[in-house]
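A.B. asks: Output the structure for:
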Amino acid sequence: MKVIFIHGNGGCTADMNWYVSAEKRLQEKGFNTIRETLPDNDIAHEHIWIPYIRDTLGADQNSVLIGHSSGAIAALRYAEQYPITGSVLVSPYHTHLNLEDEKAGGWFDRPWN
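C.D. replies: Here you go, the predicted structure:
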């Protein structure tokens with residue numbers, strides 16, 4: 001099993017917040033981890049992030065996605081389309097919150113499945 005970290009938008013990177021310490025603890029427990037900054041990290045467009053998570057980070061049925069903020073939204077939308085082992089959602093939300101950047105990402109252009 002591999003654990004993939006998905007950070008938030010607004011210029012967030014994989015080296016911010018609690019991601020590094022969480023990865024270290026998971027690695028100490030023997031988990032394979034992937035923690036890298038996704039492209040388009042200012043807005044986090046769905047049409048860029050979902051293929052990147054699938055094709056570059058290699059998320060598959062043996063993956064756990066740990067998503068924070070817009071990364072949590074990405075983990076949810078990913079799971080709508082592709083099988084994963086599970087997800088950990090940190091600070092998720094279900095609407096664009098009337099924020100222009102959240103609207104621009106495209107994550108909320110359709111109902112949740």
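
A.B. asks: And the strands in the chain?
C.D. replies: 2-6, 32-35, 63-68, 86-90 (DSSP state E).

A.B. asks: Redo the ones you listed as TSV? Include mean neighbour count, mean pLDDT and distance to M16.
C.D. replies: Where C-beta positions appear, they are placed from N, C-alpha and C, glycine not excepted. Below are the strands of the chain laid out as TSV (neighbours: other Cβ atoms under 10 Å; pLDDT from 0 to 100; distance: least, Cβ to Cβ, whole Å):
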stretch	mean neighbour count	mean pLDDT	distance to M16
strand 2-6	24	98	11
strand 32-35	17	98	11
strand 63-68	24	98	9
strand 86-90	16	98	13
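
A.B. asks: export these to a markdown table and tack on distance to W107?
C.D. replies: Output for the strands of the chain, formatted as a markdown table (distance: least, Cβ to Cβ, whole Å):
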| stretch | distance to W107 |
| --- | --- |
| strand 2-6 | 12 |
| strand 32-35 | 21 |
| strand 63-68 | 11 |
| strand 86-90 | 13 |
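
A.B. asks: pLDDT weak spots in this protein?
C.D. replies: Within the chain, no stretch has pLDDT under 70.
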